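A.B. asks: no sequence on this one, just coordinates:
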């Protein structure tokens, strides 16, 4: 699939409607605090961290059907998870931080695997830390990243489906900021 720039136009009977893909993106994806958009954005943050550190890696387009989210320059399969204290759907309370770590059935384009498992080499748990809405989700200083080899989850909590931040921290993931993310992904011992 060819990566779009956003400048492509919608046409009707062969004529430019004046509406671009950027217009669609702005309409559909501007609520970055929304769980679905934030998850995709967290994957994008990990991807851009890798691309800035290793600019020669091939460009990737997000795929919803792979059994993991990204591949590092050295071939490490990465699962990206996202959480935030703030949600777009409520202003009444801060959310408890919890991540989905459930083993999943991988899809190969034709069939599902016969056994559910964690289909990655490592997890990157992304946390947007803002506690008030006057902060910008685009401020990367407000993000924390926790990297944990999948083997740790498979050994310590093989059947567990979710993990709270407090329990994750007990497993001693490597904490980093955006600037250190790519190097840590490639250097963490699996």
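C.D. replies: Cool, the structure landed. A quick note: this is a predicted structure, and the numbers were derived from the prediction, not measured.
A.B. asks: quick one, strands of this structure?
C.D. replies: Remark: strands assigned in the chain by DSSP state E are 9-12, 15-20, 70-71, 77-84, 98-100, 122-128, 143-149, 162-164, 174-176.
A.B. asks: output the contacting helices and strands for the first one.
C.D. replies: The one in question is strand 9-12. The contact analysis (3 or more Cβ pairs under 8 Å, 6 or more residues apart in numbering; DSSP states H and E) places strand 9-12 against strand 15-20, helix 21-29. The way it works is simple: take the backbone N, C-alpha and C, and place the C-beta from them, glycine included.
A.B. asks: make it 6 Å
C.D. replies: strand 15-20 (3 or more Cβ pairs under 6 Å, 6 or more residues apart in numbering; DSSP states H and E).
A.B. asks: tell me the contacts of the residue nearest the centre of the chain?
C.D. replies: By Cα atoms, centre = their mean, the chain has its centre lying nearest to residue 43, at 2.8 Å. Each residue near residue 43 by Cβ atoms under 6 Å, 6 or more residues apart in numbering is listed here: 69, 80.
A.B. asks: just residue 7 next, same as before
C.D. replies: Contacts of residue 7 (Cβ under 6 Å, 6+ apart): residue 20.
A.B. asks: just want the angle from the lengthiest helix in the chain to strand 77-84.
C.D. replies: In the chain, taking DSSP state H as the definition, the longest helix is helix 35-53. For helix 35-53 against strand 77-84, the angle by axes from the mean of the first three to the mean of the last three Cα atoms, to 10 degrees is 130 degrees.
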